[in-house]
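In: Fold the following.
(4 chains)
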Number of protein chains: 2
Amino acid sequence: MSGESLRIGDVAKAVGTTPRTIRYYEEIGLLPEAPARPSGRHRLYTEAEVERLRELMRLKDLLGLSLEELKTLLSAEEARAEVRAQLRREDVDPQRRRELLEEALGHIDRQLALVRKRAQELEKLEHELSETRKRARRKIREIDARAGGSFPPALEAQP
Amino acid sequence: MSGESLRIGDVAKAVGTTPRTIRYYEEIGLLPEAPARPSGRHRLYTEAEVERLRELMRLKDLLGLSLEELKTLLSAEEARAEVRAQLRREDVDPQRRRELLEEALGHIDRQLALVRKRAQELEKLEHELSETRKRARRKIREIDARAGGSFPPALEAQP
DNA sequence: TGTGATCCTTACGTTCACGTCAAGTTTCAG
DNA sequence: CTGAAACTTGACGTGAACGTAAGGATCACA
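Out: Take a look at the predicted model:
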C-alpha cells in the first residue's frame, strides 16, 4: 500500500520527462513492460521504478550513451534487480546467493570502468583548461605590472 | 610551407570522422569557411584547424552538447583565436591587449564551469557506484566466512 | 597531357529519439 | 453513476546529425 500506484504522468514529472518518452523506452525494451497489465489498462509504477528510470537517464546523459548501448549495459541492471529480489528472501541457498552477488559485482565493475574513463577524460580537459587560464592571467598581470596600476584587476574565479 | 595543405579527407581521418561531417559543420557555421576559396575548389586545412576540430568534438562528446550549443559556446573560441593572432603581433596597444585577454579569460571560465559541473556529477556517480560495489563485496565475504572457504575468492578490480 | 583518386555541389535519404494528433478507454472525485 | 482528466494504442510527423548517390570539377603525379 505504500507508493504502489504512480501513473505514467506522475513518473514523467518526477524524473523530468514526458509520458511519451517512458512509453518509448518500454517499447524498445529499455524498460520492462509490467507483466500482467491487460492491454488498454493504465500503466502503474512504484517508487523503485522511478528511481531506476532516474538512474538510467543519468547514465545516458553522463556517459553519452545511445539507448541501444544503454540497453546492453543494463541487461546488467536487470540481473541486479533480480539479485535484490532474491536477496530479500532469506531462504536462498548461500551458494546461489554468492553467484548472484558475483554477477552483480561484474556488472557494477563494467559501469565503473566506463564512468572512470569518462571522469578521467573530463579531468584532463579541466586541467588543460585551467592551465590555459593560468597563462592568460599571467599575461594580464604582466601588462598590469608594466603599466603601473592604471587598470582595475577584475578577477573572476579561482583556478 | 609547413603543413599548409591538408585536404578534407586527411583531416577527417586525423580526427576520426568523415568529410561529410566536416562539410556539415562548415555548413551550419560551426567551422569557418576558408574565406577566399572559389566555389568548386578543394578545401585546404592547416594543422591548427585540425587541432581546433579535435577540441570541438571533444567538447561535444564530453559535455554532451548539441551542435547549436557548441556553436554559442564557441563564439568564445573564435574570439580567443583572434586574441592569439593579435597577441603574436607585438605592436598592439597594451590596453587593447588587456581587453582581449580579459575577454578570453571569460570564455575560458565559462567552459571551465561546464566542465567542472560535469566532472562533479561524474565523480558523484563514481562514488555511489563504488559504494554499491563495497556493499556487494562485503556480502560476499560474509557468505564466505559463514561457509568456511568452500568457494574461491575471485576479485576483479580495486575500488 | 592524361588519369585515377579525391574533391566539389546539390539533393534526397536515413536513423535516433522522441513529438503530436486522433479516437477511444480507464480512472477517480464527487 | 457521472464526467472530466488522464490514460490507451496506433499512426504519422519532426529536428538533429549526418549518409549516400549523381554528375561533374580539381588535384597530384607520371
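
In: contact partners of the worst-scoring helix or strand of chain A on mean pLDDT?
Out: Scoring the helices and strands of chain A by mean pLDDT, DSSP states H and E places helix A:67-88 at the bottom, with a mean of 80. Outside of helix A:67-88, the residues within contact range by C-beta atoms under 8 Å, 6 or more residues apart in numbering or on different chains are A:25, A:28-30, A:32, A:52, A:55-56, A:59-60, A:65, A:92, A:96-97, A:100-101, A:103-104, A:106-108, A:110-111, A:114, B:139. Yep, even glycine has a C-beta here, placed from its N, CA and C like the rest.

In: repeat that for 10 Å
Out: Applying C-beta atoms under 10 Å, 6 or more residues apart in numbering or on different chains, the contact partners of helix A:67-88 are A:24-25, A:28-32, A:48-49, A:52, A:55-57, A:59-60, A:63, A:65-66, A:92, A:96-97, A:99-111, A:114, B:132, B:136, B:139.

In: and the residue of chain A found nearest DNA strand D, how far is that from residue B:126?
Out: Closest to DNA strand D within chain A is residue A:9: 2.5 Å, counting by C-beta to the nearest atom of the strand. Distance, residue A:9 to residue B:126, using C-beta to C-beta, to the nearest Å: 33 Å.

In: Can you pick out the residue with more neighbours from these two?
Out: residue B:126 (18 against 12; other C-beta atoms under 10 Å in any protein chain shown).

In: Chain A: helices as residue ranges?
Out: A:8-15, A:19-27, A:47-63, A:67-88, A:94-147 (DSSP state H).

In: Using JSON lines, lay out those helices together with distance to DNA strand C.
Out: JSON lines is the format used below for these (distance: least, C-beta to the nearest atom of the strand, whole Å):
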{"stretch": "helix A:8-15", "distance to DNA strand C": "9"}
{"stretch": "helix A:19-27", "distance to DNA strand C": "4"}
{"stretch": "helix A:47-63", "distance to DNA strand C": "7"}
{"stretch": "helix A:67-88", "distance to DNA strand C": "3"}
{"stretch": "helix A:94-147", "distance to DNA strand C": "16"}
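
In: so which of those comes closest to residue B:145?
Out: Closest to residue B:145 of the helices of chain A is helix A:94-147 (C-beta to C-beta; 10.8 Å).

In: residue ranges with poor pLDDT in chain A?
Out: A:1-3, A:76-77, A:79-80, A:148-159 (pLDDT under 70).

In: what's the first-to-last distance across stretch A:20-35?
Out: Terminal residues of stretch A:20-35 lie 19 Å apart, using C-alpha to C-alpha, to the nearest Å.

In: what sits up against it?
Out: For stretch A:20-35, contacts defined as C-beta under 10 Å, 6+ apart pick out A:8-9, A:11-12, A:15, A:17-18, A:41, A:43-46, A:49, A:52-53, A:56-57, A:60, A:67-68, A:70-71, A:74-75, A:78, A:81.

In: Just give me how far that stretch sits from the chain centre.
Out: The chain centroid and the centroid of stretch A:20-35 are separated by 18 Å under C-alpha atoms, centre = their mean, to the nearest Å.

In: picking up where we left off before, ok, of the contacts of helix A:67-88, which come out buried?
Out: Among these, the ones that count as buried by 16 or more other C-beta atoms under 10 Å in any protein chain shown are A:25, A:30-31, A:49, A:52, A:56-57, A:59-60, A:63, A:65, A:97, A:100-105, A:107-109, A:111, A:114, B:132, B:136, B:139.

In: Keep these, but drop any that are not near DNA strand D.
Out: Contacts with DNA strand D are made by none of the buried ones among the contacts of helix A:67-88, judged by C-beta under 7 Å from any atom of the strand.

In: Contact residues of chain A facing DNA strand D?
Out: A:7-10, A:19, A:23, A:39-43.

In: mind running it again at 10 Å?
Out: Within reach of DNA strand D by C-beta under 10 Å from any atom of the strand, chain A has these residues: A:6-13, A:18-20, A:22-24, A:26-27, A:33-34, A:37-45.

In: out of these, which are buried?
Out: Among the residues of chain A next to DNA strand D, those buried by neighbour count (16+ other C-beta under 10 Å) are A:6, A:8, A:11-12, A:22, A:43, A:45.

In: Turn the residues you listed into a markdown table, including distance to residue A:119.
Out: Compiled in a markdown table, these are given as follows (distance: C-beta to C-beta, whole Å):
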| residue | distance to residue A:119 |
| --- | --- |
| A:6 | 33 |
| A:8 | 33 |
| A:11 | 29 |
| A:12 | 29 |
| A:22 | 29 |
| A:43 | 35 |
| A:45 | 31 |
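
In: pretty sure residue A:65 contacts residue B:61?
Out: No: in this structure residue A:65 lies outside contact range of residue B:61 using C-beta atoms under 10 Å: 11.7 Å.

In: CA-only coordinates of the least confident helix or strand of chain A, as PDB, when you get a sec.
Out: Extracted C-alpha coordinates of helix A:67-88, given in PDB (Å, rounded to 0.1, in the frame of the first residue of the first chain):
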ATOM      1  CA  LEU A  67      19.500   4.000 -25.900                       C
ATOM      2  CA  GLU A  68      20.800   0.800 -27.600                       C
ATOM      3  CA  GLU A  69      24.100   1.000 -25.700                       C
ATOM      4  CA  LEU A  70      22.300   1.700 -22.600                       C
ATOM      5  CA  LYS A  71      20.200  -1.400 -23.100                       C
ATOM      6  CA  THR A  72      23.100  -3.700 -23.300                       C
ATOM      7  CA  LEU A  73      24.700  -2.000 -20.300                       C
ATOM      8  CA  LEU A  74      21.500  -2.600 -18.400                       C
ATOM      9  CA  SER A  75      20.900  -6.200 -19.100                       C
ATOM     10  CA  ALA A  76      23.300  -5.900 -16.200                       C
ATOM     11  CA  GLU A  77      20.900  -3.900 -14.100                       C
ATOM     12  CA  GLU A  78      18.100  -6.300 -14.800                       C
ATOM     13  CA  ALA A  79      20.200  -9.000 -13.200                       C
ATOM     14  CA  ARG A  80      20.900  -6.800 -10.300                       C
ATOM     15  CA  ALA A  81      17.200  -6.200  -9.800                       C
ATOM     16  CA  GLU A  82      16.700  -9.900  -9.700                       C
ATOM     17  CA  VAL A  83      19.600 -10.200  -7.200                       C
ATOM     18  CA  ARG A  84      18.000  -7.700  -4.900                       C
ATOM     19  CA  ALA A  85      14.700  -9.500  -5.100                       C
ATOM     20  CA  GLN A  86      16.400 -12.800  -4.300                       C
ATOM     21  CA  LEU A  87      18.400 -11.300  -1.600                       C
ATOM     22  CA  ARG A  88      15.300 -10.000   0.200                       C
END
